[in-house]
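Chemist: quick one, fold the following:
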Amino acid sequence: MLVKCIYYAREKAEIMELMEQVYKLCNEWEENISLESDNIPVRLLDKTLEVFAAVRKQPAELQETVTDCFHEIALKCNPVLKVWLYSVLISVTHRVSIMEELLEYIISESEFLPEVKYFLYQQTAFKIFQTNYFDNENTRYLRWKLLEQIVALYKEKTKHLLKYIPYEQRNTSMVFVIAEQVLSEYHAPTKIAFEKCKFLIEKMQKKVLLISTEEILSLAGRIPYFYTREKTKDDFLRVHQFREWKGIKIPYFQCDDNMPNIDDLCAILTMIQNTKPEFVLSIGAGNSILANLIDEIVPVLTYGTTSEIQETMTSCQTLARKLETNDFQLLDKAGADKKTIIEIKPKTVIDAQKSFVTRQQIGLPEDKFIIAIVGNRLESEADEKFMHMLEDALDEEMFVAVIGRSLFDPFENYMQKKPGMRNKIKNLGYSDQLLSWLERCDLYVNPYRRGGGLSAIYALYQGVPVVSLAYGDVFRNVGEEFCTESYDAMAGLIKKYKNDKEFYQKMSVFSKERAKTLTENEEDFKSIIEEFLKRTNDKVKSETL
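Modeler: Numbers count the residues shown, from 1 in each chain. Here you go, the predicted structure:
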């Protein structure tokens, strides 16, 4: 009892000392608030980050108190400092109103150039994607309005090139495919781009040019922003004029890292005007400035890589599910026509398994029930609530295999409190043989996140059942049969899979059956293209009547 009292006394003293630092720091900011951003002492900025790093380890109530203090300061700052302080705040708080205020401010601030607004759009969009508590109907609407504003600003700068080409004047044998980033085949959106290019070339006899616009997480308009996310780079690809995929050579062009910039945008728009492609296929989120500008010349189909409606001004976009009530509300609020949405079933191409491994080869115990957790952003997707769930679910006969680029920070933090968990979890690292690794696992467990849809399909394909919450791409792909309503229920379901052999066998068979329905065939994509061309041609006809 005495030890516990000493511990709490020390903890209380540490919190009081931290809050004293916070109030002192607030006073320093108040003293410097009238200065220009360039004159704010670097020491003050560094001290702010140091204090907030300490605050993030404290209880939620204290975090919210500190958020209130600095929120008041942020409201008084000049544009650049305001954005910087808001970017710090959204790294600490779960308060969605802070994100909403930041988005509203970016929209309203007339001093920001279009490339600055696009930089901030990309950073906030990524933050919302990786931290789902900021994802609601209003932040989606605000992102849509912000992108719409940015596209309008670029349209004004390129309007001399935005002349629509009627269908009868287009080259029906030519199609452009654009992606905001092209990496290796193990990057899901890149693989989708390669597969669509291959289909267009082989099955539809089209000439194709694949363009990597390099717009994702663009730094072209960078201003001070806490924890600026940068895209993965592969400069090796820049020198290549072709990308090879399953025996097909795909003509390829990669833009420079400073996109979107007017010179390159104008050069590509001029190329579009000269080549007159039948249409353009945009792979990904739909927020490419280039794709939205091209749509003024020839129709663009945004082929979504998630199960959510994308904020885009392109003629049509695919949605891998049925439209729901909240979708109609968002479209109505954003002023978008529901006819721009082409509902499709979630589908993917699953390649033949290239290799086979044993548990011993990848460092997994032979005699355990193996739970797979797969992802490259687990540091933000697998939080402490998820770790609590795992601890509740695991027994001595279970083992967790983490497959991804890095072991997530919450795990390391959790291990300090629960060292006994360390012997039950192993980070296998990144794998380009995901099918073979998942084959050696018994269950795929998905944290609360938007991504992960492709790896979950791979698991089903191998007869590995999935356990997920009813949210995000995994839920949309695998279906309600593999989902549960809460982390508490998830822990119980994991135990059931491990202990109820009959139930496990039934769901393993069902997993393979479900995977078959998620495998794309030739007619699926062809029918999407036909529907897109029909809708865009009908739209032009109706507008000319």
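Chemist: that's a strand at Gln317, yeah?
Modeler: Yes: Gln317 forms part of a strand when assessed by DSSP: H, G, I helix; E, B strand; the rest coil.
Chemist: pLDDT score assigned to Asn423?
Modeler: At Asn423, the model reports a pLDDT of 82.
Chemist: and the helices in the stretch 51-200 of the chain?
Modeler: 60-74, 79-89, 96-108, 114-130, 137-158, 188-202 (DSSP state H, counting those that start in this stretch).
Chemist: ugh, wrong one, the stretch 351-500 of the chain
Modeler: Counting by DSSP H, counting those that start in this stretch, the stretch 351-500 of the chain has helices at residues 378-381, 384-393, 409-417, 434-439, 453-461, 472-478, 487-499.
Chemist: who does the fourth one touch, helix- and strand-wise?
Modeler: In this structure, helix 434-439 packs against strand 369-374, strand 398-403, helix 453-461, with contacts taken as 3 or more C-beta pairs under 8 Å, 6 or more residues apart in numbering; DSSP states H and E. Backbone N, C-alpha and C define where each C-beta goes, glycine included.
Chemist: can you map out the helices along the stretch 201-350 of the chain?
Modeler: Under DSSP H, counting those that start in this stretch, the stretch 201-350 of the chain gives helices at 262-275, 289-294, 325-334.
Chemist: just name the most buried of those.
Modeler: Counting by mean count of other C-beta atoms under 10 Å, helix 289-294 has the highest mean neighbour count of the helices of the stretch 201-350 of the chain, with a mean of 26.
Chemist: need the contact partners of that one.
Modeler: 118, 147, 150-151, 154-155, 158, 162, 176, 178, 211, 213, 215, 259-260, 265, 268-269, 272, 280, 282, 300, 302, 312-314 (C-beta atoms under 8 Å, 6 or more residues apart in numbering).
Chemist: relative to Glu502, which of the helices of the stretch 201-350 of the chain is closest?
Modeler: For the helices of the stretch 201-350 of the chain, proximity to Glu502 was assessed by C-beta to C-beta; helix 325-334 is nearest, at 38.0 Å.
Chemist: tell me what that closest one is packed against?
Modeler: helix 137-158.
Chemist: rerun that using 10 Å as the cut-off
Modeler: helix 137-158, strand 341-343 (3 or more C-beta pairs under 10 Å, 6 or more residues apart in numbering; DSSP states H and E).
Chemist: now that helix: average pLDDT?
Modeler: Here helix 325-334 scores 94 as its mean pLDDT.
Chemist: what do you get for stretch 427-438?
Modeler: 86.
Chemist: on that earlier part again, what's the closest of the helices and strands packed on helix 325-334 to Asn287?
Modeler: helix 137-158 (5.5 Å).
Chemist: quick one: that closest one to helix 96-108, angle?
Modeler: If you take axes from the mean of the first three to the mean of the last three C-alpha atoms, to 10 degrees, helix 137-158 sits at 20 degrees to helix 96-108.
Chemist: which parts of helix 137-158 are buried?
Modeler: The neighbour-count check on helix 137-158 (16 or more other C-beta atoms under 10 Å) flags 139-148, 150-151, 153-155, 158 as buried.
Chemist: how about the CA coordinates for it, as CSV?
Modeler: In CSV, the C-alpha atoms belonging to helix 137-158 read as follows (Å, rounded to 0.1, in the frame of the first residue of the first chain):
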residue,chain,number,x,y,z
GLU,A,137,-19.5,13.2,-42.8
ASN,A,138,-18.4,16.8,-42.1
THR,A,139,-14.7,16.3,-42.5
ARG,A,140,-15.4,14.4,-45.8
TYR,A,141,-17.5,17.3,-47.0
LEU,A,142,-14.9,19.8,-46.0
ARG,A,143,-12.1,17.9,-47.8
TRP,A,144,-14.4,17.7,-50.8
LYS,A,145,-15.0,21.5,-50.8
LEU,A,146,-11.3,22.2,-50.2
LEU,A,147,-10.3,20.0,-53.2
GLU,A,148,-13.0,21.6,-55.3
GLN,A,149,-11.6,25.0,-54.5
ILE,A,150,-8.1,24.0,-55.3
VAL,A,151,-9.1,22.4,-58.6
ALA,A,152,-11.0,25.6,-59.5
LEU,A,153,-7.9,27.7,-58.9
TYR,A,154,-5.8,25.5,-61.2
LYS,A,155,-8.6,25.5,-63.8
GLU,A,156,-8.3,29.3,-63.9
LYS,A,157,-4.6,29.0,-64.5
THR,A,158,-5.0,26.4,-67.3
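Chemist: so which elements touch it?
Modeler: By 3+ C-beta pairs under 10 Å, 6+ apart, helix 137-158 packs against helix 96-108, helix 114-130, helix 262-275, helix 289-294, helix 325-334.
Chemist: of those, which is nearest Ala401?
Modeler: Nearest to Ala401 among the helices and strands packed on helix 137-158 is helix 114-130 (22.2 Å), distances taken as C-beta to C-beta.
Chemist: tilt between that closest one and helix 262-275?
Modeler: Put simply, helix 114-130 runs at 90 degrees to helix 262-275, going by the same axes, to 10 degrees.
Chemist: what is helix 114-130 packed up against?
Modeler: Applying 3+ C-beta pairs under 10 Å, 6+ apart, we find helix 114-130 packed against helix 79-89, helix 96-108, helix 137-158, helix 289-294, helix 378-381.
Chemist: for the shortest one, the averaged confidence score.
Modeler: For helix 378-381, mean pLDDT rounds to 72.
Chemist: Leu120: what's it in contact with?
Modeler: Contacts for Leu120 (C-beta atoms under 10 Å, 6 or more residues apart in numbering) come out as 83, 86-87, 102-103, 105-107, 109, 112, 146, 150, 221-223, 225.
Chemist: circling back to that earlier point, so which of the helices and strands packed on helix 325-334 gets nearest Asp442?
Modeler: Per C-beta to C-beta, nearest to Asp442 of those: strand 341-343, 34.1 Å.
Chemist: what comes up buried for that closest one?
Modeler: Those buried within strand 341-343 under the rule 16+ other C-beta under 10 Å are 341-342.
Chemist: so which residues make contact with that strand?
Modeler: Against strand 341-343 from outside (C-beta under 10 Å, 6+ apart): 301-304, 309-310, 316-323, 327-328, 331, 527-529, 531-532, 535.
Chemist: show me which of those are buried.
Modeler: Using 16+ other C-beta under 10 Å as the burial test, those include 301-304, 309-310, 316-321, 327, 331, 528-529, 531-532, 535 as buried.
Chemist: how much space between the spatially most central residue of the chain and Ile309?
Modeler: Centroid-nearest residue in the chain: Phe129, 4.8 Å away (criterion: C-alpha atoms, centre = their mean). As judged by C-beta to C-beta, to the nearest Å, Phe129 and Ile309 stand 14 Å apart.
Chemist: also Thr158?
Modeler: Thr158 is 26 Å from Ile309, by C-beta to C-beta.
Chemist: go on, Gln130?
Modeler: Applying C-beta to C-beta, the value for Gln130 to Ile309 is 19 Å.
Chemist: also Val467?
Modeler: When C-beta to C-beta is the yardstick, Val467 and Ile309 sit 26 Å from each other.
Chemist: same question, Gln433
Modeler: Going from Gln433 to Ile309 by C-beta to C-beta gives 34 Å.
Chemist: how about Ile371?
Modeler: Distance of Ile371 to Ile309, given as C-beta to C-beta: 32 Å.
Chemist: and the longest strand seen in the chain with helix 262-275, angle?
Modeler: When the chain is parsed with DSSP state E, its longest strand is strand 171-179. Per the same axes, to 10 degrees, the angle that strand 171-179 makes with helix 262-275 is 160 degrees.
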